[in-house]
Each structure stands twice: as structure tokens, then as C-alpha cells.
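Visitor: One predicted model, sequence on top.
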Amino acid sequence: MISEGVYINSIGFLESQLRQLFASVVWTHKIQEKQADIYLKQYKCLEFWRILLSALTSSGIFAVIFVDELWLKLITAIVSAISLFISTYFKTYDLKLLQKEHKKSALALLELREELVSVLCDIKMNKYKEDELFKKRDDLIKKKIKIANNTLDASENAVNQASENLKKRKDNTYSDEEIDSFLPLLARKDKN
């Protein structure tokens with residue numbers, strides 16, 4: 001039989017480990033979101049330029065037919081080469097697919113994050129016995145490893161953006177007043 005003090009310490013250690021896991025999941029989730037945003041922004045920018053350059057190339061070809069100027073031919077050739085480069089880049093790097101994969105990982109991490117929040121709340125309400133919490137912890141670690149195995153690497157830029165959002169802008173951190181502003185009156189902490 002485990003004494004009360006040992007039980008509380010064991011639960012405390014498990015809670016500490018779950019809190020570390022939670023922090024890791026929050027960071028990884030934000031990094032994956034930022035990487036998805038980066039790929040989407042790159043895709044939209046390159047797609048805009050591809051459309052614009054294709055239109056300019058077509059216009060340049062028609063102009064060359066009617067105007068025999070060397071500078072016009074050179075500009076049309078350069079614009080056409082840039083357009084070809086962008087099209088080849090799209091064939092080599094599927095930015096939309098990369099964006100979707102990072103978004104998929106972010107959603108899986110969001111689900112795990114919310115599960116960890118629930119478990120940490122349940123710990124504070126003394127819901128778990130020690131053996132139940134050991135099993136829950138092991139299950140959550142397995143889920144994180146499974147997600148990590150299916151997660152693509154992120155760029156340093158995504159890590160820096162996530163750091164900016166989490167540390168300076170305090171994403172995922174809300175005051176009681178902010179939370180109350182989202183809730184109906186009866187669900188608010190301060191019902192005034």
C-alpha cells in the first residue's frame with residue numbers, strides 16, 4: 001500500500017511530465033500552423049506571378065508579330081523564361097500538398113493539446129488514481145510519437161514565427177475578461 005504522501009508526489013511527478021508534454025505539443029502545433037501558412041503564402045504569391053507572367057508572355061508574343069523590335073523580343077523571352085521557371089517549380093514542389101500536410105499535423109496536435117488540457121484539469125480535480133494516470137500518460141506519449149512520425153520538418157522561419165506568436169503575442173493565453181467576452185452571460189466567470 002502506498003502512503004498518501006507518496007501518492008501525491010507520484011501524481012505530482014506525472015502532472016509535471018504531462019505539463020512538459022503539453023508545452024511541447026503547443027509549440028509543435030504552432031510551428032506546424034506557421035509552416036502551413038508559409039507554404040500557402042508562397043503558393044498564392046507564385047500563382048499570382050505565374051498568371052501575370054503568362055498573360056504578359058501571350059501579349060508579348062502577339063506584339064512581336066506586329067512590331068519587330070529587339071527589346072520587345074528580349075523582354076518577352078525573359079518573361080517567358082521566368083514563367084517557365086515558376087511552372088517548373090510548381091511541378092517540383094507541390095506547395096498546396098505541403099501546406100495540407102502541415103495543416104493536417106497541426107490539427108492532430110490540436111486534438112492532442114485539447115486532450116492534454118482535459119487530463120491536466122482532471123488531475124486538479126483528483127479524478128485519476130495513480131495507475132490510471134500512468135496509463136493515460138503512456139497513451140498520450142504514444143499519440144504524440146505517432147503524430148511526430150507523420151509530421152514533416154518545418155523551416156527555421158516557421159519556428160521563429162511560432163516563437164513570436166507564443167512568447168511575445170501570447171497566443172493561446174487568455175485573460176478571464178477575454179474568455180468571458182466569448183461566452184454567453186450565464187457561462188461567464190464574472191456575470192456582471
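Guide: Thanks, I have the structure now. Numbers count the residues shown, from 1 in each chain.
Visitor: alpha carbons only for contacts and neighbour counts from here, please
Guide: Fine.
Visitor: Stretch 134-142: how far from the chain's middle?
Guide: 23 Å (C-alpha atoms, centre = their mean, to the nearest Å).
Visitor: Show me what the longest helix anywhere in the chain is packed against.
Guide: Longest helix of the chain, by residue count under DSSP state H: helix 4-66. Packing partners of helix 4-66 (3 or more C-alpha pairs under 8 Å, 6 or more residues apart in numbering; DSSP states H and E): helix 70-92, helix 95-124, helix 130-149, helix 156-163.
Visitor: Now do the residue nearest to the spatial centre of the chain against residue 106, distance only.
Guide: Centroid check for the chain by C-alpha atoms, centre = their mean gives residue 33 as the closest residue, at 1.3 Å. Residue 33 sits 6 Å away from residue 106, taking C-alpha to C-alpha, to the nearest Å as the criterion.
Visitor: picking that back up, mind checking the pLDDT average for the longest helix of the chain?
Guide: Helix 4-66 comes out with an average pLDDT of 87.
Visitor: relative orientation of that helix and helix 95-124 in degrees?
Guide: 160 degrees (axes from the mean of the first three to the mean of the last three C-alpha atoms, to 10 degrees).
Visitor: Okay, angle between helix 4-66 and helix 70-92 too, please.
Guide: Using the same axes, to 10 degrees: helix 4-66 against helix 70-92 is 150 degrees.
Visitor: how far out from the middle of the chain is helix 4-66?
Guide: Relative to its chain's centre, helix 4-66 lies at 5 Å (C-alpha atoms, centre = their mean).
Visitor: my guess is residue 38 meets residue 156, correct?
Guide: No: using C-alpha atoms under 8 Å, residue 38 is not in contact with residue 156; the gap is 11.2 Å.
Visitor: So between these two, which is more surrounded?
Guide: Under the neighbour definition other C-alpha atoms under 10 Å, residue 38 and residue 156 were set side by side, and residue 38 has more, 19 against 11.
Visitor: What's the separation between the more buried one and residue 155?
Guide: Residue 38 is 9 Å from residue 155, where distance means C-alpha to C-alpha.
Visitor: Could you check the pLDDT of residue 73?
Guide: 84.
Visitor: no, scratch that, I was asking about residue 89
Guide: Per-residue confidence (pLDDT) for residue 89: 86.
Visitor: So the residue with the largest distance to the centre of the chain, which state does it fall into?
Guide: Computed with C-alpha atoms, centre = their mean, the residue of the chain farthest from its C-alpha average is residue 68, at 51.7 Å. Under DSSP: H, G, I helix; E, B strand; the rest coil, residue 68 falls in the coil class.
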